[in-house]
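Participant: Please find the sequence and the predicted model below.
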Amino acid sequence: MTVEEEIRCERECTRLSSDFAFAVDRGHFDDFIALFAPDGALERRGEVLRGPQALRGFLEAMPKNRTMRHICTNIRVDMTGPGTARGTSSTLMMHVMADPGTPLPMKAGIPLCAEYEDDYVLTPAGWKFKYRNTIIVFQP
């Protein structure tokens, strides 16, 4: 692995974490699904959602009157081989149940703290999530 490959991997996989938060918070379903390899999976609370249909079903089941924000930090990515990498990140998640168009600022409850454990794979379309596991660290 060259230094350039490692830098590209770290940059693109770090961007996946930011794009994940942005897409789920804004309800951009297609953008969210595109972050995963075709057979990619998201695990949350012991349930594994594998492939585009399962991911879309998860997104469509979210309440339509929920405003949510993920704040991601401490992102670490390490290549494990040609075309593979592992990473972790920490996230604060806040949400409030409110009708769309509710004036800002909204009063949110205590944030939830989670960690993501990620496996990445290099695809023809760039780096993607192969597996993303959500681990709740602190729950209000």
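Facilitator: Everything's here; your move.

Participant: and the longest helix for the chain?
Facilitator: helix 3-26 (DSSP state H).

Participant: wait, what's in contact with Arg45?
Facilitator: 134, 136 (Cβ atoms under 8 Å, 6 or more residues apart in numbering). The way it works is simple: take the backbone N, C-alpha and C, and place the C-beta from them, glycine included.

Participant: and the gap between it and Leu112?
Facilitator: Going from Arg45 to Leu112 by Cβ to Cβ, to the nearest Å gives 12 Å.

Participant: between these two, what contacts are shared?
Facilitator: Ile136.

Participant: Next one, pLDDT for the most centrally placed residue in the chain please.
Facilitator: Residue closest to the average C-alpha location in the chain (Cα atoms, centre = their mean): Phe20, at 3.7 Å. The model reports Phe20 with a pLDDT of 98.

Participant: isn't it right up against Ile33?
Facilitator: No. With contacts counted by Cβ atoms under 8 Å, Phe20 stays clear of Ile33, the gap being 10.8 Å.

Participant: okay, and the common contacts of these two?
Facilitator: Contacts common to Phe20 and Ile33, judged by Cβ under 8 Å, 6+ apart, are absent.
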